[in-house]
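1. Sequence first, predicted coordinates after that:
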Amino acid sequence: MARGWEQNYRAARTTAGFYPVSGRALTALTGDDRNSFLHGMVVSEVNQAPENSWTLSACLTPKGKMLSDLALYHLPDGIWIETEQTLRETVETTLRRYALRAAIELEDLSGRWSILDITGPDAGAFAGELPEPGQVVQRMLGDRATFLARTDRPLQPTLRWLVPAALEAAASDSLLAGGATRLEPEPAAALRMEAGIPVFGTDVSADNLVLEVPAYRPGISFEKGCYIGQETVARLHARGEKIARNLRGVLTDPAPEPGSAVMAGGKQVGTITSTTWSPAAGRHLSLAIVHRSAMEHGAVVEILGTEGTIQGTVTELPIQDG
C-alpha cells in the first residue's frame, strides 16, 4: 500500500533529497596529542587518517561492548567527533578519564553547528560538488566556512553537510533552489532503515558488540594497534566473526509494535526495535538484533504483538530499490 510520502521518498531515490539530522552532537578534539590519543580509544584508524577525511568509528568498553557509535571528521585544526546527543557527555567524560597527561582539549559544539544529509544519485549536483568517498571539503556559504563530507550509504551517494546553526535555513534554501527535495521524517527514516543504519539507543544499545551491526563494520580497523575493547573484536574476527546475533530487517504486514518479541522454533530470537513502511520492499520493515539461529536471509519468524501473532521474513540489509 503506497503512502502519501512516497513521492517525497522517490525524489531521493531518483534525484536527490535532503533533511536536517536531529539528535546528533559534535565535539571538537584538539591538541598536539589528539591523533595518538584518539587512536587508542576508538575502533577506526586515526594516526594514518588523511586530513580532510571522514570515517565511521565507535567507542567501546574494556569488555568490547558498545559505548557509542561515532563519526570522525579529520579537519586541519582538529578532529570533530559526531555522536548521539544523548551520549555526548558520556563520550566526553570517557575521553577525559583516559586522557591523563595527553595534550588534548574537548569542546562541545552543540547548538553551534547543524547537520544536513543530502542523499540520492544526484546529491553531488545539488550540493555543488561530489567529493571522493570519505573526503571532506570546505565550502563557503556566504562568508562562513562549512564542511561537506562524502558519507555514502549502501547503494546510494550521500553527503553530510556541517553548517553553522545560524545558516541552516540558508543552506536548506540553497538546496531547494537547486532543485533538491526536502524530505519529511517518514521517508528519511525509510531510507535510513532500508540502508541498514540503526539509531544508537533505539536499535542498538550498550549490550551490543560492534560486530553485531554490519553498518558499523566499515569503520573498524583490524590492523591497528591496541585500543579499548580491541581484544574482544580481534578474537571474534580471528574466529571468522561467527557471532551469536546480528542486526537484521524483518518484513511484515501489518506493522509490529516496537518491543514485540521475534520468535522462531518456539524460542525468542530477537526484539523489534523500530518499524517503518519500506517502499523498496513493498512491506513494513522493522529492525531487530536477531539470533544466528534465525538471521539467515529469508528465514520465517513470528512476531508476538499485543493484538496477536503476525508472520515475518528476515532480510539482510541494505534493501535494493526495485
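-> Arrived safely.
2. longest helix in this structure, by residue count?
-> Ranked by residue count and defined by DSSP state H, the top helix of the chain is helix 88-99.
3. Quick one: name whatever helix or strand follows that one.
-> Going down the chain from helix 88-99, the next helix or strand is strand 105-108, by DSSP states H and E.
4. neighbouring strands for that following strand, and are they parallel or not?
-> Applying DSSP bridges, strand 105-108 is found paired with strand 24-30 (antiparallel).
5. and the partner strand, how far from the chain's centre?
-> 16 Å (CA atoms, centre = their mean, to the nearest Å).
6. Compute the inter-axis angle for that strand and helix 88-99.
-> 20 degrees (axes from the mean of the first three to the mean of the last three CA atoms, to 10 degrees).
7. re the thing from before, and for the longest helix of the chain, what are the contacting residues?
-> Helix 88-99 is contacted by residues 25, 27, 29, 37-38, 40-41, 59, 67-68, 70, 81, 83, 104, 106, 108, 110, 228 when judged by CB atoms under 8 Å, 6 or more residues apart in numbering. Using the backbone N, CA and C atoms, a C-beta is placed for each residue, glycine as well.
8. Please pick the buried ones from those.
-> Buried by 16 or more other CB atoms under 10 Å: 25, 27, 29, 37-38, 40-41, 59, 67-68, 70, 81, 83, 104, 106, 228, out of the contacts of helix 88-99.
9. Who is residue 312 paired with across the strands?
-> Beta-bridge partners of residue 312, as defined by DSSP bridges: residue 252, residue 301.
10. Now do the contacts for it.
-> By CB under 8 Å, 6+ apart, the neighbours of residue 312 are 250, 251, 252, 256, 262, 286, 300, 301, 302, 303.
11. what's the host helix or strand of residue 54 packed up against?
-> Taking DSSP H and E as the definition, one finds residue 54 inside strand 53-60. Using 3 or more CB pairs under 8 Å, 6 or more residues apart in numbering; DSSP states H and E, the elements in contact with strand 53-60 are strand 66-75.
12. that older thread, of the contacts of residue 312, closest to residue 190?
-> Of all these, residue 190 sits closest to residue 286, with 12.0 Å by CB to CB.
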